[in-house]
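In: Sequence plus predicted model, see below.
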Amino acid sequence: MSAVLFHALFGFAAGVALILGGRFLAHILGRGEAIDAE
Amino acid sequence: MPSEIPPSLVLIFGAVLVPITRGWLRAVVILLLPIAAGAAFWDLPASSSSEMLMQGRRLVPIRLDLLAALFAGTFILASFVNGLYGLYERRALEHWAALSYAGAAVGAVLAGDLVTLLVFWELTTVFSVFLIWARGSRRAYAAGIRYLTLQVLSGLLLLVGVVAHIRATGSIAFTQLDPDEPGTWAILAGFGIKAGFPVVHAWLPDSYPEASPFGTIVLSVFTTKMAIYALARAFPGMQELVPIGAVMAVFASFYAFVAPDLRRALCYALIGQLGFMVAGIGIGTPLALNGVVAHAIASVFYQGLLFMGLGAVLYRTGTAQAAHLGGLFRSMPWTTVCTLIGAASIAALPPFSGFTTKTMILEAAHGYALFPWLALIFGAAAAVLHSGLRVPHAAFFGASKRPADAKPTQEAPWAMRAGMAVAALLCLAFGLFPEALQSNLPFRVPWHPYEPEHVAAELALIAGAAFAYLCAARLGLLFAASRTRLWDADRVYRSVAPAARALARPVQVADKWFRSFFLRRLERFIAVLYRHHGPRGVLARTWPTGSTVLWAVVILGLSLLLYAS
């Protein structure tokens, strides 16, 4: 039971980290070439 | 000389038939060649090891143990599925390159010595770059050049390592390598470039999305899995690979989640999956190595299926940008369902293929060390978000973000649908019947993925990650697709090229001046020679016999004087 709870909480925490980290990454690294140039 | 027909040569030489056939006959060739290669592969004696002597060295062009056979068989099956999907593509160049590239990859994984491996390693580079260039755009050409540069660097490192290894040990056998022997680290670096190690990974998301829908699928199958095979063969249990794989699984997830181009997002997802395999090789236990092989095989088809789905979207809409898609499930239901199966597989949702294979590596990591295990389950949770939810959500669901004047979208052509269906069935088969694959893995290790605790833990991880995604969507925190491409390590060498050009400018000017200076003088000298020796020159005239005699007497007299003195 504790393993299941750990996985559920870890999955949620990882999701939050990915979403917030992704926004930060896009903010600092999203200055590449315009995609519309394709 | 080996008496067997190498399946690699069946594909490489058979591919020559593609450009010289047309219409249905070409389609037959494209589908029959992988079948013929499969028959040649099936015909190879079990545990065969063909040998040839070349300059006193024992070449082993075909070594068929379980590890090699699993990868070679997967490559041949994948080349059939890819060929079926690619029948919509009329250009012969892409089909020729795809079949030859598959043949080279099969040759590489069957190679029993380092020299044969090096030859096929380089051939994969040569054939695969045509898949990028075949798109015909300027961007594709530039991306192909950058791809070629990194792949040639990989080949050069392998060459240096192989030469150093042979000089030190006298052996060319491709077996487990000792890190203390000369050349081993160069070989590892050569493998690492193709396996997408951090920092040298950028060639993959830089080049693959520039190929056509068909080209990207073919590219996603062979190069990286060939490198995983080579790492599993040469460096099982090498501890340094564990942190490398863990870093790949984590950093690539962030890029995969925010990349505006969904095919580029899948390239980062591919690097994340390779991270699982690299870490598994480093862990090196029988369960981990079984997991690596099984996950490599499963990922060929689920990753290919995801690329196929987005390839169909690109083919029908002209874009794979998240900002320009959405709502396609109404017009492309078949593509939507198949892509969802690929998404469920990469997210390791039971009973799809990723669940039965990825959990094997996670279980091995659990018994190895805490931090690599945490990194890998982070990567597993992230795969739920970036490929399991975001890619299908952005492409097929939600409101359409296509321009109002865009043409109505149609379902993918029949060939694409057939290819996707076969890949989807394989994803389901690997998930529903894991024993079929596990009974053929290199090590006899009991593994029961459908034990309740494994299923419950995996479902809890997926549910937690999915809940985070839903909360973020509800709160409007999901990343709004950027209008620009994210910076990555390729920026370094992409900015080095203009800098190198700027540095070369003075050299170019000096070179031009020197060349014009010396060429002017050389031209004048030639003109003088021509004036005297040309057809109207003084020395070319017909002289009377008398004057010739006179000159002969003068020369003889001078000789006499010189000798006398």
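Out: Received, thanks.

In: In chain A, where is pLDDT below threshold?
Out: Counting by pLDDT under 70, chain A has low-confidence residues at A:1, A:30-38.

In: Could you pull up phi and psi at the most centrally placed residue in chain B?
Out: Centroid-nearest residue in chain B, with Cα atoms, centre = their mean: B:T223, separated by 3.2 Å. Here is the backbone geometry of B:T223 (degrees, to the nearest 10): phi -60, psi -50.

In: and it, what is it in contact with?
Out: Counting by Cβ atoms under 8 Å, 6 or more residues apart in numbering or on different chains, B:T223 touches B:A105, B:T124, B:S128, B:Q151, B:K194. All C-beta spots, glycine's among them, are computed from the backbone N, C-alpha and C.

In: residues near the third one, how many?
Out: Yep, that's B:S128 we're talking about. Using other Cβ atoms under 10 Å in any protein chain shown as the criterion, B:S128 is surrounded by 27 other residues.

In: could you measure the nearest residue to B:G245 once chain neighbours are set aside against B:A344, distance?
Out: Residue nearest to B:G245 in three dimensions, not counting chain neighbours: B:A279, with 2.8 Å by Cβ to Cβ, 6 or more residues apart in numbering or on different chains. When Cβ to Cβ, to the nearest Å is the yardstick, B:A279 and B:A344 sit 23 Å from each other.

In: what's the answer for B:Q303, then?
Out: The gap separating B:Q303 from B:A344 is 13 Å, by Cβ to Cβ.

In: What of B:G304?
Out: Applying Cβ to Cβ, one obtains 15 Å for the distance of B:G304 from B:A344.

In: neighbours around the nearest residue to B:S212 once chain neighbours are set aside, how many?
Out: Excluding its sequence neighbours, the residue lying closest to B:S212 (Cβ to Cβ, 6+ apart) is B:R135, at 4.9 Å. A count of neighbours around B:R135, defined by other Cβ under 10 Å, yields 20.

In: Quick check: pLDDT value at B:R135.
Out: B:R135 is assigned 90 on the pLDDT scale.

In: and what of B:S565?
Out: B:S565 is given a pLDDT of 68.

In: now swap in B:F80 and tell me
Out: In this prediction, B:F80 carries a pLDDT score of 97.

In: how about it, what does it touch?
Out: Residues near B:F80 by Cβ under 8 Å, 6+ apart: B:L31, B:P34, B:I35, B:G38.

In: how near is the first one to chain A?
Out: Counting by Cβ to the nearest Cβ, to the nearest Å, the separation of B:L31 from chain A is 32 Å.

In: try the third one
Out: When distances are taken as Cβ to the nearest Cβ, B:I35 and chain A turn out to be 37 Å apart.

In: What number of residues are in the vicinity of that residue?
Out: Residues near B:I35, counting by other Cβ under 10 Å: 14.

In: Same check on the first one?
Out: For B:L31, the tally of surrounding residues (other Cβ under 10 Å) stands at 13.

In: Check whether it really touches B:Y85, as I assumed.
Out: No. If you go by Cβ atoms under 8 Å, B:L31 and B:Y85 don't touch, sitting 11.2 Å apart.

In: on that earlier part again, please say which of B:A279 and B:A344 ends up with more neighbours.
Out: B:A279 (31 against 26).

In: can you pull the pLDDT of that one?
Out: B:A279 is assigned a pLDDT of 97 by the prediction.

In: residue contacts, it?
Out: Applying Cβ under 8 Å, 6+ apart, the residues near B:A279 are B:L241, B:V242, B:I244, B:G245, B:A246, B:M248, B:A249, B:I361, B:A365, B:P372, B:A375, B:L376.

In: Compare these and tell me which is most surrounded.
Out: Neighbours were tallied for each of the contacts of B:A279 (criterion: other Cβ under 10 Å), and the maximum of 32 neighbours falls on B:G245.

In: So the residue nearest to B:S212: helix, strand or coil?
Out: Look at B:R135: counting by DSSP: H, G, I helix; E, B strand; the rest coil, its state is coil.

In: who's in contact with it?
Out: If you count contacts by Cβ under 8 Å, 6+ apart, B:R135 has them with B:E210, B:A211, B:S212, B:G215.

In: Following element in sequence after the helix or strand harbouring B:R515, please.
Out: Under the criterion DSSP states H and E, the helix or strand holding B:R515 is helix B:490-533. Using DSSP H and E, the helix or strand that directly follows helix B:490-533 along the chain is helix B:545-564.

In: Show me what that next one is packed against.
Out: On a contact count with 3 or more Cβ pairs under 8 Å, 6 or more residues apart in numbering or on different chains; DSSP states H and E, helix B:545-564 meets no helix or strand.

In: got a list of contacts for that helix?
Out: Contacts to helix B:545-564, defined as Cβ under 8 Å, 6+ apart, come from no residue at all.

In: Could I get the buried residue list for that helix?
Out: Of the residues in helix B:545-564, none is buried under the neighbour-count criterion (16 or more other Cβ atoms under 10 Å in any protein chain shown).

In: Let's have the contacts of B:F80 in a markdown table, adding distance to A:A26 and pLDDT.
Out: A markdown table is the format used below for the contacts of B:F80 (distance: Cβ to Cβ, whole Å; pLDDT from 0 to 100):
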| residue | distance to A:A26 | pLDDT |
| --- | --- | --- |
| B:L31 | 43 | 96 |
| B:P34 | 41 | 96 |
| B:I35 | 46 | 97 |
| B:G38 | 44 | 95 |
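
In: What residues does the stretch 151-300 of chain B have near chain A?
Out: Of all the residues in the stretch 151-300 of chain B, those in contact range of chain A (Cβ under 8 Å from any Cβ of the partner chain) are B:S253, B:F254, B:Y255, B:F257, B:V258, B:P260, B:D261.

In: Name all residues that make contact with the nearest residue to the first one once chain neighbours are set aside.
Out: Read that as B:S253. Here the nearest residue to B:S253 in space, its sequence neighbours aside, is B:A382; by Cβ to Cβ, 6+ apart that works out to 3.4 Å. If you count contacts by Cβ under 8 Å, 6+ apart, B:A382 has them with A:A14, A:G15, A:L18, B:A249, B:V250, B:S253, B:F254, B:A256, B:F257, B:G272, B:A465.

In: and the residue nearest to the spatial centre of chain A, what element?
Out: Within chain A, one residue has its C-alpha closest to the average C-alpha position: by Cα atoms, centre = their mean, that is A:L18, at 1.8 Å. According to DSSP H and E, A:L18 maps onto helix A:2-29.

In: excluding its backbone neighbours, what's nearest B:G398?
Out: B:G326 is the one closest to B:G398 (Cβ to Cβ, 6+ apart), at 4.6 Å.

In: any idea how far the one you found is from chain A?
Out: In this structure, B:G326 and chain A are separated by 16 Å, where distance is defined by Cβ to the nearest Cβ.

In: Pull the contacting residues for that residue.
Out: Neighbours of B:G326 in contact, by Cβ under 8 Å, 6+ apart: B:A394, B:A395, B:F396, B:F397, B:G398, B:A399, B:S400, B:K401, B:R402.

In: Neighbour-wise, give me the winner out of the residues you listed.
Out: For those, the largest number of neighbours (other Cβ under 10 Å) sits with B:A395, at 26 neighbours.

In: That residue looks like it's in a helix, true?
Out: Yes. Read with three-state DSSP, B:A395 is one of the residues of a helix.

In: Give me the neighbour count for the closest residue to it other than its chain neighbours.
Out: Of all residues not flanking B:A395 in the chain, B:L325 sits nearest, at 4.8 Å (Cβ to Cβ, 6+ apart). B:L325 is surrounded by 25 other residues when neighbours are defined as other Cβ under 10 Å.

In: can you pull the contacts of the residue nearest to the centre of chain A?
Out: Counted by Cβ under 8 Å, 6+ apart, A:L18 has contacts B:S253, B:F254, B:F257, B:A381, B:A382, B:L385, B:H386, B:A468.

In: What about the third one, how many residues nearby?
Out: This points to B:F257. Around B:F257 sit 29 other residues, with neighbours defined as other Cβ under 10 Å.
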